[in-house]
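Trainee: Sequence below, structure please.
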Amino acid sequence: MATGAASAQTVPLAPPLAGVGFLVGSWVAGNGTVADTGERSRVTFITNPSATAPSYRLTYALTNASTLGVDFEIEPPGATTFQPIATGTLQRSP
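Mentor: The predicted model follows:
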C-alpha cells in the first residue's frame, strides 16, 4: 500500500467539473506514483501487490458533470483478477 499521504497537482477544469478537480492530476505517495489521471475522467488507486495479502483497487469515474461512479475491488493473494466489493454512483445535488 502507498505510504504517506497522497497529493496531486490539479489542473483547471470547466466550471461544472470544478467540484471534482481533486481527482485530476498525477497522484504521488512516498514510494512513487499512485495514479496518473491525465485523461480527466477516471482515477484508479491500487495497493502494492503482495504474495501474502490481498490487493485493493478503488476507481472513480466521472461519467458526466453531475455523476461520479465508484468501484471498490479486491484481488486475493495469488489471484490474477479483481473481484467487486462495492459499486455505486454519486449524483451532484442541484
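Trainee: Report pLDDT for the nearest residue to S66 once chain neighbours are set aside.
Mentor: Of all residues not flanking S66 in the chain, R92 sits nearest, at 4.0 Å (C-beta to C-beta, 6 or more residues apart in numbering). Yep, even glycine has a C-beta here, placed from its N, CA and C like the rest. On pLDDT, R92 comes in at 78.
Trainee: and R92, how many neighbours?
Mentor: If you count neighbours by other C-beta atoms under 10 Å, R92 ends up with 12.
Trainee: Contacts only, for it.
Mentor: With contact set as C-beta atoms under 8 Å, 6 or more residues apart in numbering, R92 has these partners: 19, 65-68.
Trainee: Can you tell me which of those residues lies closest to R42?
Mentor: L68 (10.3 Å; C-beta to C-beta).
Trainee: Pull out the buried positions in stretch 75-82.
Mentor: Neighbour-count burial for stretch 75-82, counted by 16 or more other C-beta atoms under 10 Å, picks out 75, 82.
Trainee: Would you mind writing the CA trace of it as CSV?
Mentor: What follows is stretch 75-82, C-alpha atoms only, in CSV (Å, rounded to 0.1, in the frame of the first residue of the first chain):
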residue,chain,number,x,y,z
GLU,A,75,-7.7,-9.3,-5.6
PRO,A,76,-6.9,-12.2,-3.2
PRO,A,77,-3.3,-13.3,-2.8
GLY,A,78,-2.2,-15.4,-5.8
ALA,A,79,-5.2,-14.3,-7.9
THR,A,80,-4.9,-12.5,-11.3
THR,A,81,-8.2,-10.7,-11.4
PHE,A,82,-10.0,-8.2,-9.1
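Trainee: List the contacts of that stretch.
Mentor: With C-beta under 8 Å, 6+ apart as the test, stretch 75-82 has contacts from 49-57, 73-74, 83.
Trainee: can we see that at 6 Å?
Mentor: The contact list for stretch 75-82 (C-beta atoms under 6 Å, 6 or more residues apart in numbering) reads 51-52, 54-55, 57, 73.
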